[in-house]
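S.K.: Here's my sequence, what's the structure:
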Amino acid sequence: MNKPLLPRNVQRIEKEERFRFSCHPSVGCFTDCCRQLELALTPYDVLRLKKGCGLRSQEFLDRYVIIEQEDHETLPRLYLTMVDDGRASCVFVGKSGCTQYQDRPGACRAYPMGRAAIRQADNSMDDFYVLLQEDHCHGFQERLQQDVATYSTEQGLPAYNRFNDAVAQILQHEQIRQGKRFSEQQQEQFILALYNLDQFRTLLLAGQLTGARPADETPADDESLLLYAIDWLQDRLFKD
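M.R.: This is a model prediction of the structure:
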């Protein structure tokens, strides 16, 4: 696997390599990483957050999500809304930290670590990890020793990685790498299947989704439904 060039404040870290880091309210920079950022949301991020907020998918999208798509991009990107407080603060950050901590996005859980997963020709995923060392972060001055596996497990990242890898089968599909463009309908299907799961379930149960399985075979829980929706979407985008 070819490794991309990394910025100066980002360094490659091996899975068994140890690093010092801890984040808690007594660290001087606490919640600074929750400001002045663009936080892209994965489908599993939205699934967890909308449940944590007690909202249906469309309500969550309307309240907390910005959907963007540049002319050169093949599919839309979704970002969490930031507060216009002069610091571009996350909508969920409060004086005591994250108000949705139990369901915080995967990128927040992983910080200051990052994981890159690259789809191989046989559809397997090859990954590697990096550390992001920003000047404002005092967490690296803490004594607690971490390693990739332990930190990932403690932050609940395996579940996020599982769904992100499943979505990568779409986002890193060979047809996208070759510049495939999608119709407006296909882009709407992308948002529906990956981010508006409650509406997807409604249409699925009503028999209004082309190529979907019978309603009595619809997965009951959101996690299983999202995996099904990923497979359904892949067929809609690349069936030709």
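
S.K.: So what does residue 129 look like in phi/psi?
M.R.: Main-chain torsions, residue 129, degrees, to the nearest 10: phi -120, psi 150.

S.K.: if I read this right, it contacts residue 11, doesn't it?
M.R.: No: taking contacts as CB atoms under 8 Å, residue 129 lies outside contact range of residue 11: 10.0 Å. Backbone N, C-alpha and C define where each C-beta goes, glycine included.

S.K.: Excluding covalently adjacent residues, which one is nearest to the residue nearest to the spatial centre of the chain?
M.R.: The centroid of the chain falls nearest to residue 42 when counting by CA atoms, centre = their mean (2.7 Å). In space, and not counting its chain neighbours, residue 42 is closest to residue 164: 5.5 Å by CB to CB, 6 or more residues apart in numbering.

S.K.: Tell me how far the helix or strand that contains the one you found lies from the chain's centre.
M.R.: Per DSSP states H and E: residue 164 is located in helix 157-171. Remark: helix 157-171 is offset 8 Å from the chain centroid, using CA atoms, centre = their mean, to the nearest Å.

S.K.: Next: stretch 198-207.
M.R.: The answer for stretch 198-207 is 23 Å, by CA atoms, centre = their mean.

S.K.: In which helix or strand does residue 152 reside?
M.R.: helix 148-154.

S.K.: in that helix, what counts as buried?
M.R.: 148, 151, 152 (16 or more other CB atoms under 10 Å).

S.K.: now do stretch 95-104
M.R.: Across stretch 95-104, burial judged by 16+ other CB under 10 Å covers 98, 100, 103, 104.

S.K.: Could I get the full set of helices for this protein?
M.R.: In the chain, the segments counted as helices under DSSP state H are 43-52, 57-64, 106-110, 148-154, 157-171, 174-177, 184-195, 197-205, 222-238.
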